[in-house]
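> Have a look at this prediction, sequence included:
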Amino acid sequence: MKSSRTNRRQFLATSSMATVALGLSQYAWATAKEKLPFKISLAQWTINRELRSGKIDNLDFARVAHEHGIQAVEYVNQFFMDKAKDRSYLAEMKKRAADLDVKSLIIMCDREGNIGDPDKAKRAQTIENHRKWIDAARFLGCHSIRVNAGSAGTYEEQVGYAADGLARLTEFGAEQEMNVIVENHGGLSSNADWLAEVITRVDHKRCGTLPDFGNFHIKDGESYDSYRGIKKLMAWAKGVSVKDRVWDDKGNQSALDYDRMLKIVLETGFDGYCGIEFGGYADLNKSRTMLEESRKRLS
(Lines give C-alpha, C1' and ligand atoms only; values in the text may rest on other atoms or scores of the structure.)
Protein backbone atom coordinates (compact mmCIF):
# COMPACT_ATOMS: atom_id res chain seq x y z
CA MET A 1 0.00 0.00 0.00
CA LYS A 2 2.84 2.36 0.86
CA SER A 3 4.44 1.65 -2.48
CA SER A 4 1.15 2.39 -4.22
CA ARG A 5 0.75 5.73 -2.42
CA THR A 6 4.35 6.61 -3.21
CA ASN A 7 3.86 5.79 -6.89
CA ARG A 8 0.69 7.88 -6.92
CA ARG A 9 2.49 10.86 -5.36
CA GLN A 10 5.34 10.47 -7.85
CA PHE A 11 2.84 10.30 -10.70
CA LEU A 12 1.03 13.42 -9.51
CA ALA A 13 4.31 15.25 -9.00
CA THR A 14 5.54 14.23 -12.42
CA SER A 15 2.24 15.19 -14.02
CA SER A 16 2.28 18.57 -12.30
CA MET A 17 5.82 19.21 -13.50
CA ALA A 18 4.84 18.21 -17.01
CA THR A 19 1.83 20.54 -16.90
CA VAL A 20 3.98 23.40 -15.67
CA ALA A 21 6.60 22.65 -18.31
CA LEU A 22 3.93 22.59 -21.01
CA GLY A 23 2.52 25.87 -19.75
CA LEU A 24 5.97 27.45 -19.73
CA SER A 25 6.72 26.20 -23.22
CA GLN A 26 3.42 27.60 -24.48
CA TYR A 27 4.16 30.89 -22.75
CA ALA A 28 7.66 30.96 -24.20
CA TRP A 29 6.24 30.29 -27.67
CA ALA A 30 3.67 33.05 -27.27
CA THR A 31 6.32 35.44 -25.93
CA ALA A 32 8.67 34.59 -28.78
CA LYS A 33 5.83 35.18 -31.22
CA GLU A 34 5.15 38.59 -29.73
CA LYS A 35 8.82 39.52 -30.01
CA LEU A 36 9.06 38.80 -33.72
CA PRO A 37 10.61 41.87 -35.37
CA PHE A 38 7.76 42.09 -37.89
CA LYS A 39 4.60 40.21 -38.80
CA ILE A 40 3.58 38.81 -42.18
CA SER A 41 0.38 39.59 -44.07
CA LEU A 42 -0.99 38.77 -47.50
CA ALA A 43 -1.87 41.46 -50.01
CA GLN A 44 -4.83 40.46 -52.18
CA TRP A 45 -3.14 41.55 -55.39
CA THR A 46 -0.82 38.55 -55.02
CA ILE A 47 -3.65 36.29 -56.19
CA ASN A 48 -5.25 38.74 -58.63
CA ARG A 49 -5.22 36.22 -61.50
CA GLU A 50 -7.24 33.67 -59.56
CA LEU A 51 -9.66 36.35 -58.36
CA ARG A 52 -10.14 37.78 -61.84
CA SER A 53 -10.72 34.35 -63.39
CA GLY A 54 -13.21 33.38 -60.70
CA LYS A 55 -11.08 30.48 -59.50
CA ILE A 56 -11.06 32.13 -56.07
CA ASP A 57 -13.91 34.26 -54.75
CA ASN A 58 -13.23 37.45 -52.84
CA LEU A 59 -15.12 36.04 -49.84
CA ASP A 60 -12.59 33.20 -49.66
CA PHE A 61 -9.53 35.44 -49.45
CA ALA A 62 -9.15 35.10 -45.66
CA ARG A 63 -9.35 31.32 -46.02
CA VAL A 64 -6.60 31.32 -48.65
CA ALA A 65 -4.34 33.34 -46.35
CA HIS A 66 -5.11 31.07 -43.38
CA GLU A 67 -4.43 27.91 -45.38
CA HIS A 68 -0.99 29.28 -46.22
CA GLY A 69 -0.09 30.12 -42.64
CA ILE A 70 -0.83 33.85 -42.85
CA GLN A 71 -3.16 35.47 -40.31
CA ALA A 72 -3.52 39.03 -41.65
CA VAL A 73 -4.81 40.35 -44.99
CA GLU A 74 -4.83 43.48 -47.12
CA TYR A 75 -7.80 43.80 -49.47
CA VAL A 76 -7.98 45.43 -52.91
CA ASN A 77 -11.24 47.25 -53.66
CA GLN A 78 -11.21 46.12 -57.30
CA PHE A 79 -12.35 42.65 -56.21
CA PHE A 80 -15.50 43.92 -54.48
CA MET A 81 -15.89 47.26 -56.21
CA ASP A 82 -19.68 47.39 -55.98
CA LYS A 83 -19.84 46.23 -52.35
CA ALA A 84 -18.43 49.24 -50.48
CA LYS A 85 -21.85 50.12 -49.08
CA ASP A 86 -23.25 46.59 -48.96
CA ARG A 87 -23.19 45.89 -45.22
CA SER A 88 -24.47 42.33 -45.54
CA TYR A 89 -21.62 41.48 -47.92
CA LEU A 90 -19.04 43.26 -45.78
CA ALA A 91 -20.42 41.50 -42.71
CA GLU A 92 -19.81 38.15 -44.42
CA MET A 93 -16.22 39.18 -45.25
CA LYS A 94 -15.72 40.21 -41.64
CA LYS A 95 -17.25 37.00 -40.26
CA ARG A 96 -15.17 34.72 -42.44
CA ALA A 97 -11.97 36.47 -41.40
CA ALA A 98 -12.95 36.45 -37.73
CA ASP A 99 -13.88 32.75 -37.82
CA LEU A 100 -10.31 31.98 -38.92
CA ASP A 101 -8.72 34.55 -36.59
CA VAL A 102 -7.46 36.44 -39.64
CA LYS A 103 -6.89 40.15 -39.09
CA SER A 104 -8.04 42.71 -41.68
CA LEU A 105 -5.48 45.51 -42.11
CA ILE A 106 -5.98 47.66 -45.20
CA ILE A 107 -8.22 48.25 -48.21
CA MET A 108 -6.10 49.25 -51.20
CA CYS A 109 -8.20 51.63 -53.30
CA ASP A 110 -7.91 51.99 -57.07
CA ARG A 111 -10.13 53.36 -59.87
CA GLU A 112 -11.62 56.15 -57.77
CA GLY A 113 -9.85 59.10 -59.42
CA ASN A 114 -6.61 60.95 -58.75
CA ILE A 115 -6.25 62.33 -55.25
CA GLY A 116 -3.97 65.02 -56.70
CA ASP A 117 -6.02 65.85 -59.80
CA PRO A 118 -5.20 69.42 -60.90
CA ASP A 119 -8.90 70.04 -61.54
CA LYS A 120 -10.48 71.10 -58.23
CA ALA A 121 -13.85 69.57 -59.03
CA LYS A 122 -12.33 66.22 -60.02
CA ARG A 123 -10.10 66.26 -56.96
CA ALA A 124 -13.14 66.90 -54.77
CA GLN A 125 -14.98 64.02 -56.46
CA THR A 126 -12.03 61.72 -55.87
CA ILE A 127 -12.09 62.60 -52.18
CA GLU A 128 -15.82 61.88 -52.07
CA ASN A 129 -15.33 58.57 -53.91
CA HIS A 130 -12.91 57.35 -51.23
CA ARG A 131 -15.12 58.12 -48.26
CA LYS A 132 -17.18 54.98 -48.68
CA TRP A 133 -13.99 52.91 -48.56
CA ILE A 134 -12.95 54.53 -45.31
CA ASP A 135 -16.35 53.55 -43.91
CA ALA A 136 -15.99 50.00 -45.28
CA ALA A 137 -12.45 49.64 -43.93
CA ARG A 138 -13.55 50.75 -40.49
CA PHE A 139 -16.43 48.27 -40.53
CA LEU A 140 -14.06 45.43 -41.47
CA GLY A 141 -11.66 46.36 -38.67
CA CYS A 142 -8.87 47.70 -40.88
CA HIS A 143 -6.54 50.47 -39.72
CA SER A 144 -6.11 52.18 -43.11
CA ILE A 145 -7.10 52.65 -46.71
CA ARG A 146 -4.35 52.94 -49.29
CA VAL A 147 -4.75 55.59 -51.99
CA ASN A 148 -2.78 56.57 -55.07
CA ALA A 149 -1.32 60.06 -55.28
CA GLY A 150 -1.89 60.52 -59.01
CA SER A 151 -1.52 64.06 -60.33
CA ALA A 152 -0.35 66.18 -63.28
CA GLY A 153 1.64 69.36 -63.78
CA THR A 154 5.10 70.40 -62.67
CA TYR A 155 6.89 68.69 -59.80
CA GLU A 156 5.93 71.41 -57.31
CA GLU A 157 2.38 71.75 -58.64
CA GLN A 158 1.83 68.04 -58.13
CA VAL A 159 3.14 68.28 -54.57
CA GLY A 160 0.52 70.95 -53.88
CA TYR A 161 -2.38 69.15 -55.58
CA ALA A 162 -1.64 65.79 -53.94
CA ALA A 163 -1.09 67.33 -50.50
CA ASP A 164 -4.39 69.18 -50.75
CA GLY A 165 -6.38 66.09 -51.73
CA LEU A 166 -4.69 63.93 -49.10
CA ALA A 167 -5.13 66.48 -46.34
CA ARG A 168 -8.87 66.76 -46.99
CA LEU A 169 -9.39 63.01 -47.18
CA THR A 170 -7.23 62.48 -44.10
CA GLU A 171 -9.43 64.86 -42.09
CA PHE A 172 -12.41 62.66 -42.88
CA GLY A 173 -10.43 59.52 -42.08
CA ALA A 174 -9.31 60.95 -38.76
CA GLU A 175 -12.95 61.48 -37.77
CA GLN A 176 -13.40 57.72 -38.22
CA GLU A 177 -10.08 56.94 -36.49
CA MET A 178 -8.77 55.65 -39.80
CA ASN A 179 -5.47 56.25 -41.59
CA VAL A 180 -5.04 57.34 -45.19
CA ILE A 181 -1.79 55.97 -46.56
CA VAL A 182 -0.05 56.41 -49.89
CA GLU A 183 1.87 53.77 -51.81
CA ASN A 184 4.70 54.62 -54.17
CA HIS A 185 2.74 53.49 -57.20
CA GLY A 186 3.96 55.04 -60.42
CA GLY A 187 4.62 58.55 -61.67
CA LEU A 188 6.08 60.99 -59.18
CA SER A 189 4.73 58.93 -56.28
CA SER A 190 7.53 56.46 -57.11
CA ASN A 191 10.04 59.23 -56.44
CA ALA A 192 10.58 58.89 -52.68
CA ASP A 193 11.73 62.51 -52.36
CA TRP A 194 8.49 63.77 -53.92
CA LEU A 195 6.25 61.51 -51.84
CA ALA A 196 8.11 62.44 -48.65
CA GLU A 197 7.53 66.10 -49.44
CA VAL A 198 3.81 65.50 -49.96
CA ILE A 199 3.42 63.63 -46.66
CA THR A 200 5.46 66.26 -44.84
CA ARG A 201 3.24 69.00 -46.21
CA VAL A 202 0.06 67.20 -45.10
CA ASP A 203 1.62 66.88 -41.65
CA HIS A 204 -1.04 64.71 -40.02
CA LYS A 205 -0.47 61.61 -37.88
CA ARG A 206 -3.26 59.85 -39.78
CA CYS A 207 -1.56 60.38 -43.16
CA GLY A 208 1.23 57.91 -43.84
CA THR A 209 2.89 55.68 -46.39
CA LEU A 210 2.75 52.09 -47.58
CA PRO A 211 6.30 51.66 -48.94
CA ASP A 212 6.50 49.05 -51.70
CA PHE A 213 9.90 47.44 -52.39
CA GLY A 214 9.24 47.00 -56.10
CA ASN A 215 7.33 50.15 -57.09
CA PHE A 216 10.08 52.69 -57.62
CA HIS A 217 9.77 52.81 -61.42
CA ILE A 218 8.87 56.43 -62.27
CA LYS A 219 8.80 56.18 -66.07
CA ASP A 220 10.76 54.49 -68.86
CA GLY A 221 14.44 54.78 -68.07
CA GLU A 222 13.86 56.55 -64.75
CA SER A 223 13.63 54.96 -61.33
CA TYR A 224 14.49 55.57 -57.69
CA ASP A 225 16.80 53.22 -55.86
CA SER A 226 14.52 50.87 -53.87
CA TYR A 227 16.77 50.56 -50.83
CA ARG A 228 17.21 54.31 -50.57
CA GLY A 229 13.51 54.85 -51.26
CA ILE A 230 12.36 52.50 -48.52
CA LYS A 231 14.70 54.17 -46.04
CA LYS A 232 13.20 57.53 -47.02
CA LEU A 233 9.54 56.50 -46.71
CA MET A 234 9.66 54.36 -43.59
CA ALA A 235 9.35 57.41 -41.33
CA TRP A 236 5.59 57.47 -42.09
CA ALA A 237 5.02 53.75 -42.78
CA LYS A 238 1.91 52.06 -41.43
CA GLY A 239 2.60 48.92 -43.43
CA VAL A 240 5.08 47.55 -45.99
CA SER A 241 4.49 45.84 -49.35
CA VAL A 242 7.06 43.19 -50.21
CA LYS A 243 8.03 42.39 -53.78
CA ASP A 244 11.04 40.29 -54.74
CA ARG A 245 12.32 42.66 -57.45
CA VAL A 246 13.89 46.06 -56.80
CA TRP A 247 15.13 49.06 -58.80
CA ASP A 248 18.37 51.00 -58.94
CA ASP A 249 18.41 54.70 -59.85
CA LYS A 250 19.06 54.05 -63.55
CA GLY A 251 15.95 52.16 -64.58
CA ASN A 252 17.34 48.68 -63.93
CA GLN A 253 15.76 45.86 -61.94
CA SER A 254 17.39 43.13 -59.87
CA ALA A 255 16.48 40.49 -57.30
CA LEU A 256 15.62 41.63 -53.79
CA ASP A 257 18.26 41.23 -51.10
CA TYR A 258 15.84 40.27 -48.33
CA ASP A 259 18.18 40.77 -45.40
CA ARG A 260 19.50 44.11 -46.61
CA MET A 261 16.02 45.51 -47.24
CA LEU A 262 14.36 44.17 -44.12
CA LYS A 263 17.24 45.43 -42.01
CA ILE A 264 16.48 48.93 -43.36
CA VAL A 265 12.82 48.43 -42.44
CA LEU A 266 13.61 47.28 -38.90
CA GLU A 267 16.21 49.96 -38.22
CA THR A 268 13.41 52.54 -38.34
CA GLY A 269 11.70 50.85 -35.40
CA PHE A 270 8.94 49.38 -37.57
CA ASP A 271 7.32 46.29 -36.04
CA GLY A 272 4.12 46.07 -38.07
CA TYR A 273 3.11 43.90 -41.03
CA CYS A 274 5.12 43.18 -44.15
CA GLY A 275 2.62 42.22 -46.82
CA ILE A 276 3.44 39.56 -49.41
CA GLU A 277 2.74 40.93 -52.90
CA PHE A 278 4.82 38.63 -55.08
CA GLY A 279 5.09 35.04 -56.22
CA GLY A 280 1.45 34.46 -57.06
CA TYR A 281 -0.90 31.83 -55.67
CA ALA A 282 1.29 28.88 -56.64
CA ASP A 283 4.27 30.19 -54.67
CA LEU A 284 2.53 31.58 -51.60
CA ASN A 285 4.22 29.16 -49.23
CA LYS A 286 7.59 29.84 -50.82
CA SER A 287 7.08 33.61 -50.53
CA ARG A 288 6.11 33.30 -46.88
CA THR A 289 9.10 31.06 -46.18
CA MET A 290 11.52 33.55 -47.75
CA LEU A 291 10.25 36.27 -45.42
CA GLU A 292 10.27 33.97 -42.39
CA GLU A 293 13.85 32.87 -43.03
CA SER A 294 15.06 36.45 -43.37
CA ARG A 295 13.14 37.42 -40.22
CA LYS A 296 14.80 34.60 -38.32
CA ARG A 297 18.26 35.68 -39.45
CA LEU A 298 17.61 39.29 -38.49
CA SER A 299 16.11 38.47 -35.09
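In hand now; what should we look at? Numbers count the residues shown, from 1 in each chain.
> Which residue is the nearest non-sequential neighbour of N48?
With CB to CB, 6 or more residues apart in numbering as the criterion, N48 has its nearest non-adjacent residue at 7.4 Å, and that residue is V76. For the C-beta atoms, the positions are set from N, CA and C on the backbone; glycine is no exception.
> Quick check on that neighbour: phi, psi?
Main-chain dihedrals, V76, degrees, to the nearest 10: phi -120, psi 120.
> got the contact list for it?
Shown in contact with V76 (CB atoms under 8 Å, 6 or more residues apart in numbering): A43, Q44, W45, N48, I107, M108, D110.
> Select from the residues you listed every entry located in helices.
Among the contacts of V76, the members found in helices (DSSP state H) are N48.
> Just the ones in strands from the contacts of V76, please.
Among the contacts of V76, the residues falling in strands (DSSP state E) are A43, I107, M108.
> K232 contacts A192, correct?
Yes - at 4.0 Å, K232 counts as touching A192 under the criterion of CB atoms under 8 Å.
> List the buried residues of stretch 188-198.
Within stretch 188-198, the residues that count as buried by 16 or more other CB atoms under 10 Å are L188, S189, S190, N191, A192, W194, L195, A196, E197, V198.
> Greatest separation within those residues: which pair is it?
Greatest spacing in the buried residues of stretch 188-198, by CB to CB: S190 and E197 (13.6 Å).
> sorry, back to before: looking at the buried residues of stretch 188-198, which are in helices?
Going by DSSP H, the helices hold A192, W194, L195, A196, E197, V198 from the buried residues of stretch 188-198.
> want to throw those residues into JSON lines with pLDDT?
Putting those into JSON lines (pLDDT from 0 to 100) gives the following:
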{"residue": "A192", "pLDDT": "98"}
{"residue": "W194", "pLDDT": "98"}
{"residue": "L195", "pLDDT": "98"}
{"residue": "A196", "pLDDT": "98"}
{"residue": "E197", "pLDDT": "98"}
{"residue": "V198", "pLDDT": "98"}
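> Quick check: W236 vs R201, distance?
In this view, W236 and R201 are 12 Å apart by CB to CB, to the nearest Å.
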